[in-house]
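*Asks:* Sequence first, then the predicted structure, then my questions.
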Amino acid sequence: MHFSLTQLLPDQVRAFYVNRGFTLAQIEPYASSCVYMTVLRNDNAPGVIHYVSGNWPVSVNGRHYELVPVNQWVERLSGSGVKKSAVIAFRWAQFPPEQEYRPGGDWNQGMLSMGLSAGSLFDITAKWDVAGKEYRARLKEVQCAE
């Protein structure tokens with residue numbers, strides 16, 4: 001299994017979404033929430049990988065936080081007067097909250113908000129299962145750029 005995070009800088013996120021119909025003010029809460037391009041790929045697991053990103057704890061200085069769910073971002077953005085087409089574009093660019101990947105290279109990528117401020121140093125534990133057996137990978141001391 002391959003799991004990676006690549007930070008998208010706030011200006012990159014702003015540019016991506018302004019190009020899809022958001023105003024700077026509308027997308028700012030998301031753009032400044034420590035956003036990562038997230039990739040999960042089943043290279044050669046012994047079966048289908050299943051995950052729920054809501055079960056991936058994030059910790060800062062020993063305190064655990066939950067990832068901000070995609071549906072919360074969609075509700076928040078929809079309530080700020082964002083055009084429906086922009087909200088759809090937002091939703092499609094997000095890392096899926098739950099997914100299954102078959103062995104042999106099945107994969108996906110998308111944006112994932114940590115819900116943290118710039119400069120935060122955090123750990124994240126990705127959890128997945130194969131036929132009910134849980135696995136995990138922990139990335140330590142990931143720093144959200146300022």
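*Replies:* Good, I have the coordinates.
*Asks:* okay, CA-based contacts and neighbour counts for the rest of this
*Replies:* Noted.
*Asks:* Which residue ranges of this structure form helices?
*Replies:* For the chain, the helices defined by DSSP state H cover 10-18, 24-31, 70-78, 84-93.
*Asks:* Take those and lay them out in TSV including mean neighbour count, distance to Arg136 and mean pLDDT.
*Replies:* Converted to TSV, the helices of the chain look like this (neighbours: other Cα atoms under 10 Å; distance: least, Cα to Cα, whole Å; pLDDT from 0 to 100):
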stretch	mean neighbour count	distance to Arg136	mean pLDDT
helix 10-18	17	28	97
helix 24-31	18	27	96
helix 70-78	15	22	93
helix 84-93	16	24	96
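*Asks:* Distance to Ser113 added to those, as a markdown table?
*Replies:* Shown next, in a markdown table, are the helices of the chain (distance: least, Cα to Cα, whole Å):
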| stretch | distance to Ser113 |
| --- | --- |
| helix 10-18 | 11 |
| helix 24-31 | 7 |
| helix 70-78 | 8 |
| helix 84-93 | 12 |
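*Asks:* For Tyr101, find the nearest of those.
*Replies:* Of all those, helix 84-93 sits nearest to Tyr101, with 17.7 Å by Cα to Cα.
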